[in-house]
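**Student:** sharing a model that was predicted from the sequence below.
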Amino acid sequence: MERPLNLTTRGIDLPEELKLDLEARAARLERFYPRLIGCSIVVEGPGRKHRNGGPYAVGLDLRVPGAEPLLVTRRKEARLESAIDAAFEAARRQLEELARAQRGEKQR
């Protein structure tokens, strides 16, 4: 990626281990679209007053050359990890579809 990862949190403090995991996941997205310019991640938690569980939301803003930004947001009530998995899976699919479209291939 040309631009460094931008990670923002709202209503939640992420452990360093999870931040590193998000960075690694963002870097792996380049396997599906090597010309990826940048990635911004927003992780939203339930806030400080909420005692148990979510809701959690994870948003990705993916910048690619010559196209509108790809935006992905996934919300999960129970677990932050579920929201992260869902958001990155959706981002992977969108990047693969974009790459196929730019190569002129038909959709599956």
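**Tutor:** Good, I have the coordinates. Numbering: from 1, shown residues only.
**Student:** which regions of the protein sit below the pLDDT cut-off?
**Tutor:** 48-53, 106-108 (pLDDT under 70).
**Student:** ok, 90 please
**Tutor:** 1-3, 46-55, 66-67, 76-79, 101-108 (pLDDT under 90).
**Student:** which helix runs longest in it?
**Tutor:** In the chain, with assignment by DSSP state H, the single longest helix is helix 80-103.
**Student:** any idea which element Leu71 lies in?
**Tutor:** strand 70-76 (DSSP states H and E).
**Student:** specify the angle between that strand and helix 80-103 in degrees.
**Tutor:** Relative orientation of strand 70-76 and helix 80-103, computed by axes from the mean of the first three to the mean of the last three C-alpha atoms, to 10 degrees: 160 degrees.
**Student:** how about Leu7, secondary structure?
**Tutor:** Secondary structure, DSSP: H, G, I helix; E, B strand; the rest coil: Leu7 is strand.
**Student:** coming back round to it: can I get the longest helix of the chain as CSV, trimmed to CA atoms?
**Tutor:** Presented in CSV, the C-alpha positions along helix 80-103 are these (Å, rounded to 0.1, in the frame of the first residue of the first chain):
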residue,chain,number,x,y,z
LEU,A,80,-16.0,-7.8,18.0
GLU,A,81,-14.1,-10.7,16.3
SER,A,82,-17.2,-11.6,14.4
ALA,A,83,-17.6,-8.0,13.1
ILE,A,84,-13.9,-8.0,12.1
ASP,A,85,-14.1,-11.3,10.3
ALA,A,86,-17.3,-10.2,8.4
ALA,A,87,-15.9,-6.9,7.4
PHE,A,88,-12.6,-8.3,6.0
GLU,A,89,-14.5,-11.1,4.2
ALA,A,90,-16.7,-8.6,2.5
ALA,A,91,-13.7,-6.4,1.6
ARG,A,92,-12.0,-9.4,0.1
ARG,A,93,-15.0,-10.2,-2.1
GLN,A,94,-15.3,-6.6,-3.3
LEU,A,95,-11.6,-6.4,-4.2
GLU,A,96,-11.8,-9.7,-6.1
GLU,A,97,-14.9,-8.5,-8.0
LEU,A,98,-13.2,-5.2,-8.8
ALA,A,99,-10.1,-7.1,-10.1
ARG,A,100,-12.2,-9.4,-12.2
ALA,A,101,-14.2,-6.4,-13.7
GLN,A,102,-11.0,-4.6,-14.5
ARG,A,103,-9.6,-7.6,-16.3
